[in-house]
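[1] sequence first, then the predicted structure:
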Amino acid sequence: MALVTKPRDREAPTTLPAPDEIAALEMERGGLSLKPLSLLAVVVLWQLIAMLNGVLHFYNPRLIPGPADLVVAGWNLAQTGDLQRDLAASLKRIVVGFVVSAPVAIMLGVLVARVRWIEVIVDPVVEALRPIPTLALLPIMILWFGVGEASKYFFIGYSSFFVIFTTTLLGVRNVDPILIRAGQSLGLNRLQIYRHVILPSALPDVMVGLRLGLSVAFFVIVAAEFIAADAGLGYRINFSRTWFQVDNMMLGAVVIGALGTSSNYLLVALERRLFRWKQTGP
């Protein structure tokens with residue numbers, strides 16, 4: 001009597017994703033994100049407290065204006081053209097300083113990680129300068145480059161340099177040696193090893209460094225525009241402090257935060273597009 005056996009089913013995966021991971025994947029695939037809702041909840045709560053304070057008067061509303069007051073302040077500045085001028089001035093300084101600094105930091109980070117004699121010369125200098133607060137060097141930069149735009153560009157670029165340099169250095173040093181040996185066994189020369197093996201492998205860390213460096217640029221723009229500036233969001237904050245315009249001060253801070261957050265999400269979207277292979281399993 002012949003035995004009838006059922007065909008074996010395809011083996012099930014040994015581990016199943018957790019429910020929260022499944023929910024996160026579903027939200028990501030559907031384009032739905034709950035992160036903006038938390039920020040919206042904070043703004044709504046802030047406005048509700050401001051409205052309640054209008055009735056109970058438990059703090060001075062001029063010291064802590066509500067979101068509606070900031071919208072009115074922004075509208076008034078936009079009507080006079082001051083807001084647009086400040087935005088253009090700050091964005092130009094950030095972009096120029098960052099664009100000049102980033103390629104230098106990336107190139108130097110790669111060379112320090114791969115060339116021994118450059119590491120011996122450059123790495124101790126960078127490690128000695130990195131702990132020094134950049135704000136402490138701002139007066140010196142003004143003496144060197146004057147009170148014009150050059151000192152602001154250099155200050156922003158110098159502040160962003162160390163983060164990009166450090167992440168690039170670590171990314172290149174963490175490249176798997178097996179990949180380098182595989183490239184050499186395939187006949188790649190030194191330049192091709194850098195182009196096809198080292199740089200692609202280190203690029204995720206470089207992108208993280210670019211995101212952090214850009215956030216540093218937004219962080220120091222206020223200090224750069226506190227001194228000898230006639231336009232910019234940092235200038236607007238300092239000018240409003242002189243005339244006790246707290247709504248304009250907070251508006252400048254909120255706009256800088258919104259610009260920094262938007263730029264970070266743009267780089268995150270670019271990073272996900274470049275590294276789709278990291279998000280897909282076998």
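    In hand now; what should we look at?
[2] pull the CA atoms of stretch 174-187 into PDB?
    Listed next in PDB are the C-alpha coordinates belonging to stretch 174-187 (Å, rounded to 0.1, in the frame of the first residue of the first chain):
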ATOM      1  CA  ASN A 174      34.800  51.400   8.700                       C
ATOM      2  CA  VAL A 175      34.800  50.300   5.100                       C
ATOM      3  CA  ASP A 176      35.000  46.500   5.000                       C
ATOM      4  CA  PRO A 177      38.600  45.500   4.000                       C
ATOM      5  CA  ILE A 178      37.100  42.400   2.200                       C
ATOM      6  CA  LEU A 179      35.400  44.800  -0.300                       C
ATOM      7  CA  ILE A 180      38.700  46.600  -0.900                       C
ATOM      8  CA  ARG A 181      40.600  43.300  -1.500                       C
ATOM      9  CA  ALA A 182      37.800  42.100  -3.800                       C
ATOM     10  CA  GLY A 183      38.200  45.300  -5.900                       C
ATOM     11  CA  GLN A 184      41.900  44.800  -6.000                       C
ATOM     12  CA  SER A 185      41.500  41.200  -7.100                       C
ATOM     13  CA  LEU A 186      39.300  42.400  -9.900                       C
ATOM     14  CA  GLY A 187      42.100  44.600 -11.200                       C
END
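[3] and it, which residues are buried?
    Going by neighbour count (16 or more other C-beta atoms under 10 Å), the buried part of stretch 174-187 is 175, 180, 183. Glycine gets a C-beta too; all of them are placed from N, C-alpha and C.
[4] again with stretch 257-269
    259-260, 263, 267.
[5] residues contacting it, please?
    90-91, 207, 210-211, 214-215, 218-219 (C-beta atoms under 8 Å, 6 or more residues apart in numbering).
[6] which one of the buried residues of stretch 257-269 is nearest residue 249?
    In terms of C-beta to C-beta, no member of these lies closer to residue 249 than residue 259, at 16.3 Å.
[7] secondary structure element holding the closest one?
    Assigned by DSSP states H and E, residue 259 falls within helix 246-274.
[8] same check on residue 213?
    Assigned by DSSP H and E, residue 213 falls in helix 199-226.
[9] so residue 158 is in contact with residue 98, correct?
    No - applying C-beta atoms under 8 Å as the test, residue 158 and residue 98 come out as separate, 11.2 Å apart.
[10] and the closest residue to residue 179 other than its chain neighbours, what does it touch?
    Leaving aside its sequence neighbours, residue 179 sits nearest to residue 197 (C-beta to C-beta, 6 or more residues apart in numbering; 5.3 Å). By C-beta under 8 Å, 6+ apart, the contact set of residue 197 is 175, 179-180, 182-183, 188.
[11] whichever of the contacts of stretch 257-269 end up buried, select them in ChimeraX.
    Entered in ChimeraX, the line below selects the buried ones among the contacts of stretch 257-269, by 16+ other C-beta under 10 Å:
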select :90,91,207,210,211,214,215,218
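[12] out of the contacts of stretch 257-269, what pair is the most spread apart?
    Longest span within the contacts of stretch 257-269, C-beta to C-beta: 90 and 207, 23.6 Å.
[13] ok, now which ones touch the residue sitting nearest the centre point of the chain?
    In the chain, the residue lying closest to the centroid (C-alpha atoms, centre = their mean) is residue 211, at 3.2 Å. Applying C-beta under 8 Å, 6+ apart to residue 211 gives the contacts 264, 267-268, 271.
[14] hmm, which of those residues is lowest in pLDDT?
    pLDDT across those is at its lowest for residue 271, which sits at 84.
[15] what is the burial count for it?
    16 (other C-beta atoms under 10 Å).
[16] any idea how far residue 199 is from the nearest residue to it once chain neighbours are set aside?
    In space, and not counting its chain neighbours, residue 271 is closest to residue 207: 4.7 Å by C-beta to C-beta, 6+ apart. Using C-beta to C-beta, to the nearest Å, residue 207 is found at 12 Å from residue 199.
[17] and the helices in the chain?
    Remark: helices assigned in the chain by DSSP state H are 19-29, 35-56, 67-80, 82-114, 116-129, 134-145, 149-173, 177-185, 190-193, 199-226, 233-242, 246-274.
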